[in-house]
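Undergrad: could you work out the structure for the sequence below:
(chains A and B)
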Amino acid sequence: GAVVSQHPSWVICKSGTSVKIECRSLDFQATTMFWYRQFPKQSLMLMATSNEGSKATYEQGVEKDKFLINHASLTLSTLTVTSAHPEDSSFYICSATSGTGSPEEYFGPGTRLTVT
Amino acid sequence: KNQVEQSPQSLIILEGKNCTLQCNYTVSPFSNLRWYKQDTGRGPVSLTIMTFSENTKSNGRYTATLDADTKQSSLHITASQLSDSASYICVVKGQAGTALIFGKGTTLSVSS
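TA: Numbering: from 1, shown residues only, chains lettered A, B, ... in the order given. Okay, the predicted model is just below:
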């Protein structure tokens, strides 16, 4: 099956710093990638949708200047949390679709961000 | 409002027993319904995906059913194993171009 990886798997950073999370599709070209955030015991919440080569579309309430998304290639999307604060601590998950007609959305293993 | 409701919220069963998880949705129009398994601290892994024309789909010990008329789905797990302990999430896809709508999940604990 299709594989999506994320790096790092966990990260601890100080308040005010920026953190970059990478999402890669390892064995397929991802025309669309999605970024989700998940708080403990909560379901996934979509943050933004990114298509290769174009600007990401952010969900209502998600600050695009704080959560910078870049989808520079068909296998890589990055999420940068800028000026991180403790309330940004969460589990960030990306997913990808191939756009070949398959409805399947493949999820990455997630990145645990802790802001101290 | 498009919603996906799951029940029960949590479930504890003994190893080897069967169980059934429920999902009701109000999403319309409807494209497909998915069941995912999410282990703690990991991303969701797809179990089944069904379109409105499919009534049942199996993946090993997992069998999903769908009644598009009543907007209900179930996930049946047969002969549960300790490794089945996880959160099971029902997800509905509406019309093309719209985001997935996630249920809050059912937390299953399988004990020996």
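Undergrad: what's the burial count for residue 2?
TA: Let's take chain A. 16 (other CB atoms under 10 Å in any protein chain shown). Every residue, glycine included, has its C-beta placed from N, CA and C.
Undergrad: not what I meant, chain B
TA: 14.
Undergrad: ok, for it, nearest residue in space, not its chain neighbours?
TA: In space, and not counting its chain neighbours, residue B:2 is closest to residue B:27: 4.4 Å by CB to CB, 6 or more residues apart in numbering or on different chains.
Undergrad: doesn't that neighbour belong to a strand?
TA: No. Using DSSP: H, G, I helix; E, B strand; the rest coil, the assignment for residue B:27 is coil, not a strand.
Undergrad: correct me, but residue B:104 touches residue A:45?
TA: No. The criterion here is CB atoms under 8 Å, and residue B:104 misses it with residue A:45 at 11.1 Å.
Undergrad: picking up where we left off before, quick check: the residue nearest to residue B:2 touching residue B:5?
TA: No. Checked against CB under 8 Å, the pair residue B:27 and residue B:5 is beyond contact range at 10.9 Å.
Undergrad: which one of those two has more residues nearby?
TA: Counting neighbours by other CB under 10 Å for residue B:27 and for residue B:5 shows that residue B:27 has the greater number, 20 against 12.
Undergrad: list the contacts for the more buried one?
TA: Residues near residue B:27 by CB atoms under 8 Å, 6 or more residues apart in numbering or on different chains: B:2-4, B:71, B:92-94, B:101.
Undergrad: among the residues you listed, show me the least confident.
TA: Here the lowest pLDDT out of those sits on residue B:2, with 79.
Undergrad: contacting residues around that one?
TA: Residues near residue B:2 by CB under 8 Å, 6+ apart: B:25-28, B:92, B:94, B:101.
Undergrad: and residue B:55, by the same measure?
TA: Neighbours of residue B:55 in contact, by CB under 8 Å, 6+ apart: B:65-67.
Undergrad: would you mind checking these for buried ones?
TA: By neighbour count, with 16 or more other CB atoms under 10 Å in any protein chain shown, the contacts of residue B:55 hold B:65-66 as buried.
Undergrad: sounds good, over and out.
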